[in-house]
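Undergrad: Here is a sequence together with a model predicted from it:
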Amino acid sequence: MAANSQCTILVASCDAYADVLGHFETLFSKFWPDCPFDTVLVTETRREQDRFFTRQVACGKGMDWSAMLVKALDSIATDRVALLMDDYYLSERVDTPRFLARLADARRLGAASLRLIPNPDCFRRFDDEFGAYAPGTAYCVSCQVSIWDKGFLRSIAAQTTSAWEFERRGSYLCGGEERPMLVTRRREFPFVDAVHKGCWERFAVKLCEDNGIAIDFSRRPLPSFRRRISEAIKALVFHAFPKDWIVRTQNALGYGATGKT
């Protein structure tokens with residue numbers, strides 16, 4: 001069956017996350033077996049004998065995350081792209097008819113992006129079905145699973161370097177965007193963010209165990225107790241203060257600018 005020509009699934013990865021990507025493939029195959037789109041991997045080194053992806057864009061060592069993303073986007077023919085990170089593990093069956101309906105909605109409404117998970121929840125009402133993020137505010141641009149206008153996605157990536165910059169600085173590079181940046185009012189793409197700052201999340205470990213996937217903890221560990229406490233404190237701060245103020249402060253200080261989100 002020919003792939004749907006209206007959208008491409010683009011998976012962003014790197015050599016350091018090769019172990020993570022393998023489990024991504026297993027869970028994607030299980031929970032979205034009827035995915036109607038081409039799947040494109042962008043990474044550093046080509047994965048030999050990989051039968052999962054329709055195509056790979058191997059960028060080699062030394063290219064930053066955003067530049068790799070731009071290179072991959074330039075190789076994609078469809079004008080809509082769904083960007084997934086390699087640690088976005090599907091946790092339930094994807095509702096393909098609903099995804100196709102949201103793709104049609106993105107086209108019908110001329111959306112710059114249509115996010116399929118209401119995170120963060122600081123959006124305003126757009127209509128009875130969707131919210132909308134105000135352009136030029138914190139996390140109006142995000143790596144959360146979205147259906148993107150390819151040109152809009154490329155324009156933000158071309159002005160940033162890391163995934164961190166893409167979200168936190170990129171959110172303030174689109175203040176003049178007139179097309180809506182939409183978001184569904186409920187979670188419509190079932191995934192968990194499996195890795196945080198290089199460590200496995202416990203709920204992701206359980207997801208893998210429940211699906212017969214053995215994790216090699218010698219490659220990456222669970223977070224230490226100290227790190228869990230530190231992250232809990234950061235989460236409290238994030239919820240206690242306005243997101244826009246926090247992100248602007250992080251941008252000014254260059255906090256985490258070289259890290260993977």
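TA: Cool, got the structure.
Undergrad: what does stretch 49-62 rub up against?
TA: Contact with stretch 49-62 is made by 3, 11, 15, 25, 28-29, 38-47, 67-68, 71-72, 75, as judged by Cβ atoms under 8 Å, 6 or more residues apart in numbering. C-betas here are computed from N, CA, C, even on glycine.
Undergrad: Repeat the analysis, applying 6 Å as the threshold.
TA: If you take Cβ atoms under 6 Å, 6 or more residues apart in numbering as the criterion, stretch 49-62 is touched by 25, 38-42, 44, 46, 68, 71-72, 75.
Undergrad: what are the ranges of the strands in the stretch 151-261 of the chain?
TA: Listed in chain order, the strands found in the stretch 151-261 of the chain under DSSP state E, counting those that start in this stretch are 181-184, 191-193, 195-196, 199-200.
Undergrad: Can you flag the buried ones in the contacts of stretch 49-62?
TA: With neighbours counted using 16 or more other Cβ atoms under 10 Å, those contain these buried positions: 25, 38-42, 44, 68, 72.
Undergrad: returning to that earlier point: so can I have JSON lines of the strands of the stretch 151-261 of the chain showing mean pLDDT, mean neighbour count and distance to Arg80?
TA: Converted to JSON lines, the strands of the stretch 151-261 of the chain look like this (pLDDT from 0 to 100; neighbours: other Cβ atoms under 10 Å; distance: least, Cβ to Cβ, whole Å):
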{"stretch": "strand 181-184", "mean pLDDT": "98", "mean neighbour count": "25", "distance to Arg80": "13"}
{"stretch": "strand 191-193", "mean pLDDT": "97", "mean neighbour count": "19", "distance to Arg80": "19"}
{"stretch": "strand 195-196", "mean pLDDT": "94", "mean neighbour count": "17", "distance to Arg80": "27"}
{"stretch": "strand 199-200", "mean pLDDT": "96", "mean neighbour count": "18", "distance to Arg80": "32"}
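Undergrad: Now render the ones you listed as TSV, adding distance to Ser171.
TA: What follows is these, written out as TSV (distance: least, Cβ to Cβ, whole Å):
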stretch	distance to Ser171
strand 181-184	10
strand 191-193	19
strand 195-196	20
strand 199-200	26
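Undergrad: Ala158 is nearest to which of the ones you listed?
TA: Taking Cβ to Cβ, strand 181-184 is the member of the strands of the stretch 151-261 of the chain nearest to Ala158, at 17.8 Å.
Undergrad: which SSE is the closest residue to Arg219 other than its chain neighbours in?
TA: Nearest in space to Arg219, with sequence neighbours left out and distances taken as Cβ to Cβ, 6 or more residues apart in numbering, is Asp19 at 4.6 Å. Secondary structure here is read from DSSP states H and E; on that basis Asp19 sits in helix 18-31.
Undergrad: go on, Ala82?
TA: In this structure, Ala82 is located in strand 80-85 according to DSSP H and E.
Undergrad: I'd like the next helix or strand past that strand.
TA: Past strand 80-85, further along toward the C-terminus, the next helix or strand under DSSP H and E is strand 88-90.
Undergrad: could I get the helix or strand just after that next one in PDB with only the CA atoms?
TA: Per DSSP H and E, strand 88-90 leads on to helix 96-108 as the next helix or strand towards the C-terminus. Once non-C-alpha atoms are left out, helix 96-108 reads as follows in PDB (Å, rounded to 0.1, in the frame of the first residue of the first chain):
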ATOM      1  CA  THR A  96      -5.300   6.300  13.000                       C
ATOM      2  CA  PRO A  97      -8.700   7.700  11.800                       C
ATOM      3  CA  ARG A  98      -8.500  10.400  14.500                       C
ATOM      4  CA  PHE A  99      -4.900  11.300  13.500                       C
ATOM      5  CA  LEU A 100      -6.000  11.600   9.900                       C
ATOM      6  CA  ALA A 101      -8.900  13.800  11.000                       C
ATOM      7  CA  ARG A 102      -6.500  16.100  12.900                       C
ATOM      8  CA  LEU A 103      -4.300  16.200   9.800                       C
ATOM      9  CA  ALA A 104      -7.300  17.400   7.800                       C
ATOM     10  CA  ASP A 105      -8.100  19.900  10.600                       C
ATOM     11  CA  ALA A 106      -4.500  21.300  10.400                       C
ATOM     12  CA  ARG A 107      -5.000  21.800   6.700                       C
ATOM     13  CA  ARG A 108      -8.500  23.200   6.900                       C
END
